[in-house]
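Student: One predicted model, sequence on top.
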Amino acid sequence: MSKQLTDLEHDLALLRQMLRIRRFEEKSAELYSAMKIRGFLHLYIGEEAVAVGVAEALGAEDAVVATYREHGHAMVRGMSMRAIMAEMYGKLDGCCRGRGGSMHLFGVKERLYGGNAIVGGGLPVAVGLALADKLQGNNRVTCCCFGEGAVAEGEFHESMNLAALWNLPVLFACENNLYAMGTALELSESVTNLTEKTAGYGVPSAAVDGMDVVAVEAAAKQAVATIRQSGGPYFLESRTYRFRAHSMFDPELYRSKDEVEQWKQRCPIENLKTQLQQQGWLDDAKWAALEKEVADEVADAVAFAEQSDWEPVEELTRFVYSDREG
Amino acid sequence: MTETRKTTYREALNEGLREALQQDERVFLMGEDVGHYGGCFAVSKGLLEEFGPERIRDTPLSESTFTGAGIGAALGGMRPIVEIMTVNFSLLALDQIMNNAATYLHMSGGLFNVPLVIRMATGGGKQLAAQHSHSLEGWYAHIPGIKVLCPATMEDARGMLWPALLDPDPVLIFEPAVLYPMEGTLPEKPTPVAIEGAKVLHQGKDLSLISYGSSLHKSLAAAEQLAGEGIAAEVIDLRCLRPLDDTTIIGSVSKTHRALIVDEGWRSGSLSAEISARIMEQAFYQLDAPVERVCSAEVPMPYAKHLEEAALPQVETIVATARRMLNG
Amino acid sequence: MADFCMPSLGADMTSGLLVAWRVEAGDKVEHGQIIAEIETAKGLFEVEVFEDGVVEQLLIEPGEDQIPVGTPLAKIVADGDVVTKPDAAAEPEGRQKVSPVARRRAAELGVDLTQLKGSGADGVIQLADVEAVAGAAESPAKAAPTARKITPSAEGMRQAIAAAMSRSNSEIPHYYLATEIDMSRAQQFLAEQNKQRSIKERLLPVVLPLKAVAVALQKVPQLNGYYVDGQLQQREQVNIGFTVSLRNGGLLTPALQGVEQMSIDQLMAALNDLIGRTRAGKLRGSELTSAGITVTSLGDLGVQSVFGVIYPPQVALIGLGKIVERAWAENGALSARPVLSATLAADHRASDGLLGAKFLDAFGRALQQPEAL
């Protein structure tokens, strides 16, 4: 099956987005070790196809509520590497002036409502954003990204029920990477096929190979189309895998190296790259140019974060209440 | 002269809700049994018929999620009022209140404020036992990022909701359940109410009774009784538990040199402890006697009437404590 | 047993320098005796002790360190109770219970808490106990021993005045009243008196208004007192703070104590003594803290009217201007009379215009009968 030129251009754009996330996060890990970034750092490496694919289905007017593993989501929503890196440095030019850090990225024009680091905590907020849209007659979708660990939270079930009950336009985008920190799915769920769970709430659902960006994009577009048509929620499970540990300080006692290696064979970036090479669309020079472009962008973000100022300590108590804004 | 009429605390709250719903289309009410049932305490009675199910929304028993949905709706441009049936149930929503509502503005570096109002019933006195009777507003007053109000008067019951809705940040309104049937008068025309600052409801020179909510009425009764004994007690209605109005508290204590805090919360690690500490910090050299407190006994609220009464602050305890502080 | 502490000699004094001891350990002391010299931003003061007893121990050596108000400087014990060898094992019977506000007020007023019995629970000394004895604690000045002369720096004094006056302006809602007083009878009386006196004994013109202030204050006692903690505390005794300019440019307002009891001659003598000692830097602590009202007379400098800033916690200030000849109509006849412009600056929290007017009226009337002063 041969693809049209425009499809190939589009695939290359997807590859580029995934590569941006990959290289940005690899650099982040390095900077974490160098103590430039502190706190918790959760890397998305291996799962890039999910955020990139789902984002393709959303418009600028739609909203995203993400988790603490959200550098990629911020990037695909259009946030600059500079703003994210400076935030992780804790600098004034970070998207949240250094008050959020890696786990709490927010953006107004990106309509990114966090960066929520309480597992399941973003689900009700997403339901509320969709409720606001419905009450105001806005034809918008709120996409809530969460891991499979959140499915065990009461808020998942409450939110699923409420969104279905009130017919609210929420895309529940579950990123099933098989481990809630170190607890495997079969150790925490009685029913491991997550799409079965939503049937009880009357929420339509689908599962997709989360290592295939093209498949994720297609499934997400189908999901969003359903939402826009019905006005109600949809549950999309992307089956994926994180190649790196849960966070920087995780010795990975809960899974075997073999398992990780097997999943790495399914790397979404390598796979798409190979496909494009086989189709003759991507040669070595083009790939090198892409790598160079991304590397330059990452380097620029690091330089920017390095030279950015610190928020003056006198500003500590700002943004606790709006009326005390300076 | 302004015309007044007789009403109840419950009706005053109902009027406040109705006025807010009339004034701003973005305002809607959601919570358990607020619609078809008319509100667990009948505060929202009649509103479903008047404003319809889109704006008076019965929710499933999912405190965490409908509170979180209130946060999301506020972020999305609405002005939601979330009703949680009682403060004990609000603990199921504490994650959303503490981790989301109170933090979004700061965590986002000022990008996202949450203009949300959460109302709930609080306190004992109705023989509802240990899962429906506690006064946990002091816990909430611990949290930076939210405002905590407790209307104790008719004016505040009707008037606090609207300015709370105008506030750009989350506001929690605690309604002492025992006050719902309280009768009183209100001016025919609503008067604007501020949601900051305490009020001195009774002037006195001998001692300051610092209180709020249902304890305020016990303090006022105690002040009347003390007046008969020649003791002039000043009574302060805190009204706003966060931020606390230090100026009024310290001003009063600087005048009377004695402070008695009456708070239905437990005393350990409480709002009354906080007020006491502030008096020590800011008015130590004004004190003529140690700060004292009348609080609830440190037990889960018992059911039996005589036990519940013994657990709660009572007028006699307030009077006896005040008397001892003055006469030794 | 009592501690002799660094006294507070003014509302704006927070610390002082212990310049010298006038006593040694083992010396007998009596109430009112000068036992130390303290230097403050306002100058050098001789400080008296408020109890009888024996100096058991001097706790602080004279030196260059600023010592906070309230810091114990010496231990005074009752005569006969001298412990020659302090016994570290012997604990006192427990700390005397004094409420924080009572302790603070006692320090301000120089009240010795060891002499008080408290009326609160467990005998706690409370604010009312301190204030009940506050008036009685002030004793007439005893003959002052000579003191080492230290000229306070003009800059330090300026800062102290600035602090007190800023506080006054921000805290006290002032109101001002002014009146003109026919001084012909007073001047005639003064001229007749001075004709019979030696130069040394002559009366200064200001002595009559000072006495008239005391007379008027007895009719309107609300202007004689302190406004503290939202309440007016009236004084029985009339202690008039009199503004004395110093040669280095500073100002002090020491008190003429008990003016209501003094004859004109006694007042004149007291005034001469006070001005002399003020300029010599030999004031006593109580003379700086006991004034209930202040009189500022700037007539000598040609000033017509004085609108003063009240010295907290006092509640009033009388301003006296220059006596000038004016056309004066009385009983339908016009004549030239010596006229004094007198003003009252008063604290609106403690009094109002009606009381102020009464005071000025009484003041003016008193000056019409100088022989009765």
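Tutor: Received it, and whenever you're ready, just let me know what you need. The structure presented is a predicted model; accordingly, all values stated were derived computationally and were not measured.
Student: so B:F284 touches C:R104, yeah?
Tutor: No - B:F284 is beyond contact range of C:R104, at 9.1 Å (criterion: C-beta atoms under 8 Å). C-beta coordinates here come from the backbone N, C-alpha and C atoms, glycine included.
Student: of those two, who's got more company?
Tutor: C:R104 (20 against 13; other C-beta atoms under 10 Å in any protein chain shown).
Student: Three-state assignment for C:A327, please.
Tutor: Of the three states, C:A327 takes strand under DSSP: H, G, I helix; E, B strand; the rest coil.
Student: And B:I231, by the same measure?
Tutor: coil.
Student: now it, nearest residue through space, not along the chain?
Tutor: B:D206 (5.1 Å; C-beta to C-beta, 6 or more residues apart in numbering or on different chains).
Student: Mind checking if the helix or strand that contains A:D296 is in reach of chain B?
Tutor: Per DSSP states H and E, A:D296 falls inside helix A:284-307. No - on the criterion C-beta under 8 Å from any C-beta of the partner chain, helix A:284-307 is out of touch with chain B, staying 15.0 Å away.
Student: phi, psi of the residue of chain C found nearest chain A?
Tutor: Here chain C gets closest to chain A at one residue, C:S170, 25.2 Å apart by C-beta to the nearest C-beta. The phi and psi torsions at C:S170 (degrees, to the nearest 10) take the values phi -80, psi -30.
Student: Repeat that for A:E175.
Tutor: Torsion angles, degrees, to the nearest 10, at A:E175: phi -100, psi 90.
Student: what's the burial count for it?
Tutor: For A:E175, using other C-beta under 10 Å, the count is 26.
Student: which ones are touching it?
Tutor: Going by C-beta atoms under 8 Å, 6 or more residues apart in numbering or on different chains, A:E175 touches A:47, A:50, A:145-148, A:210, A:238, A:240.
Student: which SS class is the residue lying closest to A:S159 once chain neighbours are set aside?
Tutor: Among residues not flanking A:S159 along the chain, A:L123 sits closest, at 4.0 Å (C-beta to C-beta, 6+ apart). Following three-state DSSP, A:L123 is assigned to helix.
Student: mind listing what residue 294 touches?
Tutor: The chain I'm using is chain A. A:16, A:19-20, A:23.
Student: Hmm, no, I was thinking of chain B.
Tutor: B:V294 neighbours (C-beta under 8 Å, 6+ apart): B:215, B:260-263, B:313, B:317-318, B:321.
Student: what do you get for B:N100?
Tutor: A:116, A:118, A:121, A:125, B:68, B:71, B:114.
Student: which of those residues has the most neighbours?
Tutor: A:V125 leads these on contacts (other C-beta under 10 Å) with 34 neighbours.
Student: Chain B versus that one, what's the distance?
Tutor: Noted for A:V125: a distance of 4 Å to chain B, by C-beta to the nearest C-beta, to the nearest Å.
Student: Quick check: which element contains C:L44?
Tutor: Using DSSP H and E, C:L44 falls in strand C:43-48.
Student: Tell me the helices and strands packed up against that strand.
Tutor: strand C:34-40, strand C:283-284, helix C:285-289 (3 or more C-beta pairs under 8 Å, 6 or more residues apart in numbering or on different chains; DSSP states H and E).
Student: Report the strands that pair with it, each with its relative direction.
Tutor: strand C:34-40 (antiparallel), strand C:283-284 (parallel) (DSSP bridges).
Student: which residues sit in contact with the closest residue to chain C within the stretch 51-200 of chain A?
Tutor: Here the residue of the stretch 51-200 of chain A nearest chain C is A:R97; by C-beta to the nearest C-beta that distance is 37.1 Å. Residues in contact with A:R97 (C-beta under 8 Å, 6+ apart) are A:311, A:319, B:109-110.
Student: Give me the pLDDT for the residue of the stretch 51-200 of chain C found nearest chain B.
Tutor: With C-beta to the nearest C-beta as the measure, C:A121 is the residue of the stretch 51-200 of chain C nearest to chain B, at 3.1 Å. Looking at C:A121, its pLDDT stands at 78.
Student: what ranges of the chain fall below the confidence cut-off?
Tutor: Reading this off chain A. For chain A, residues meeting the criterion pLDDT under 70 lie at A:1-2, A:323-326.
Student: meant chain C, my bad for not saying
Tutor: C:10-12, C:81-94, C:135-160, C:248-249.
Student: where do the helices sit along the chain?
Tutor: Going with chain A. Assigned by DSSP state H, chain A shows helices spanning A:5-33, A:48-56, A:71-76, A:81-89, A:122-136, A:154-165, A:185-188, A:194-199, A:213-230, A:257-264, A:268-278, A:284-307.
Student: Switch to chain B, please.
Tutor: Under DSSP H, chain B gives helices at B:9-23, B:47-51, B:63-75, B:87-90, B:94, B:104-107, B:137-140, B:154-159, B:161-166, B:213-228, B:246-256, B:271-283, B:305-311, B:315-327.
Student: Please name the nearest non-neighbouring residue to the spatially most central residue of chain A.
Tutor: Residue closest to the average C-alpha location in chain A (C-alpha atoms, centre = their mean): A:H73, at 3.6 Å. Once flanking residues are discounted, A:H73 sits nearest to A:A66: 4.3 Å by C-beta to C-beta, 6+ apart.
Student: ok, the one you found - how many residues close by?
Tutor: Around A:A66 there are 29 other residues, counting by other C-beta under 10 Å.
Student: OK, contacts around it?
Tutor: A:A66 sits in contact with A:73-74, A:105, A:112, A:114-116, A:122, A:145, where contact means C-beta under 8 Å, 6+ apart.
Student: Relative to C:W328, which of those is nearest.
Tutor: When these are compared for distance to C:W328 (C-beta to C-beta), A:G114 wins out at 84.6 Å.
Student: That closest one against B:M107, yeah?
Tutor: Yes - applying C-beta under 8 Å as the test, A:G114 and B:M107 come out as touching, 7.3 Å apart.
Student: Quick check: neighbours shared by those two?
Tutor: With C-beta under 8 Å, 6+ apart, A:G114 and B:M107 have common neighbours A:100, A:104, A:106.
Student: May I ask which helix or strand encompasses C:F359?
Tutor: Element membership for C:F359 (DSSP H and E) is helix C:353-368.
Student: Centre of the chain to the secondary structure element (helix or strand) that C:A191 belongs to, how far?
Tutor: Assigned by DSSP H and E, C:A191 belongs to helix C:184-195. Relative to its chain's centre, helix C:184-195 lies at 29 Å (C-alpha atoms, centre = their mean, to the nearest Å).
Student: In that helix, which residues are buried?
Tutor: C:184-187, C:189-190, C:193 (16 or more other C-beta atoms under 10 Å in any protein chain shown).
Student: Tabulate those residues (CSV), appending distance to chain A.
Tutor: Listed next are those as CSV, based on distance: C-beta to the nearest C-beta, whole Å:
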residue, distance to chain A
C:S184, 66
C:R185, 66
C:A186, 62
C:Q187, 64
C:F189, 67
C:L190, 64
C:Q193, 68
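Student: one step back: so how far is C:P205 from the residue nearest to A:H73?
Tutor: Using C-beta to C-beta, to the nearest Å, A:A66 is found at 88 Å from C:P205.
Student: Same question for B:E274.
Tutor: 61 Å.
Student: tell me the contacts of B:A102?
Tutor: B:A102 touches B:143-146, B:170, counting by C-beta under 8 Å, 6+ apart.
Student: Could I get the phi/psi values of it?
Tutor: The phi/psi pair for B:A102 (degrees, to the nearest 10) reads phi -80, psi -20.
Student: So the closest residue to A:A132 other than its chain neighbours versus B:R26, what's the distance?
Tutor: Leaving aside its sequence neighbours, A:A132 sits nearest to B:G76 (C-beta to C-beta, 6+ apart; 2.6 Å). The spacing between B:G76 and B:R26, counted by C-beta to C-beta, is 10 Å.
Student: Many thanks, have a good one.
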